[in-house]
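Visitor: Structure for the following, please:
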Amino acid sequence: MKIYTKTGDDGTTLLCNGKRVPKNSIRVCAHGDIDELNSSIGLAISFSKDENLKNILQDIQRDLFLLSSYISLCDKKLPKFDNSKIAKLELIIDETNALLMPLENFIIPGGTTLASTLHLARTICRRAERTCIDLAKNEDIFKLAIPYLNRLSDLLFMLARKANNDIDIIV
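Guide: Take a look at the predicted model:
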């Protein structure tokens, strides 16, 4: 099977529901931002030695892959994506926060390579959230996309803080 189809050479792409749209449509941009976020989380995983963190991030990658399917209007039977996924993020945020000193001021992103890649993923997540907000202004969007991305960016922030805290780096 060839990887190239040449069907996108006209600047369009095929959504999961079979509809062709311009590659720069807001829906395709939202999907692309989530794909970029997923890739950046994969990068963070490659810098982690913590198996628990890797498992958390790999679960998030699977969630993002599913979320992308919802954003791309897949009309196939998809696995359930419900509020329990947001609740799971909140639980991890709370557990992580309990391990850290209270945040008393803004922090500059950086520190370890792992923390830096988590901060990068956080900023990509914020962009994906903004793109989904733009999409929701004019088109139907999966209702949990924005809350999930909002909570995920909070979690990525907490995980970056913890990555630095684990080796006593304060940025």
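
Visitor: Any regions of the protein where pLDDT drops low?
Guide: Applying pLDDT under 70 to the chain flags residues 168-171.

Visitor: now the helices: where do they sit in it?
Guide: Counting by DSSP state H, the chain forms helices over residues 26-47, 51-71, 83-98, 113-138, 145-165, given from the N-terminal end onward.

Visitor: Quick check: buried residues in the second one?
Guide: The reference is to helix 51-71. Burial within helix 51-71, assessed by neighbour count using 16 or more other C-beta atoms under 10 Å, is assigned to 53, 56-57, 60-61, 63-64, 66-71. All C-beta atoms are positioned from the backbone trio N, CA, C, and that covers glycine.

Visitor: Tell me what angle it forms with helix 26-47.
Guide: Taking axes from the mean of the first three to the mean of the last three C-alpha atoms, to 10 degrees, one finds helix 51-71 and helix 26-47 inclined to each other by 170 degrees.

Visitor: what comes into contact with helix 51-71?
Guide: For helix 51-71, the surrounding residues in contact (C-beta atoms under 8 Å, 6 or more residues apart in numbering) are 16, 27, 30-31, 34-35, 37-38, 41-42, 44-45, 48, 76, 78-79, 81, 85, 88-89, 92, 132, 135, 141-142, 144-145, 148, 152, 155, 159, 163.

Visitor: Stretch 93-108 now?
Guide: Contacts to stretch 93-108, defined as C-beta under 8 Å, 6+ apart, come from residues 151, 154-155, 158-159, 161-162, 165, 171.
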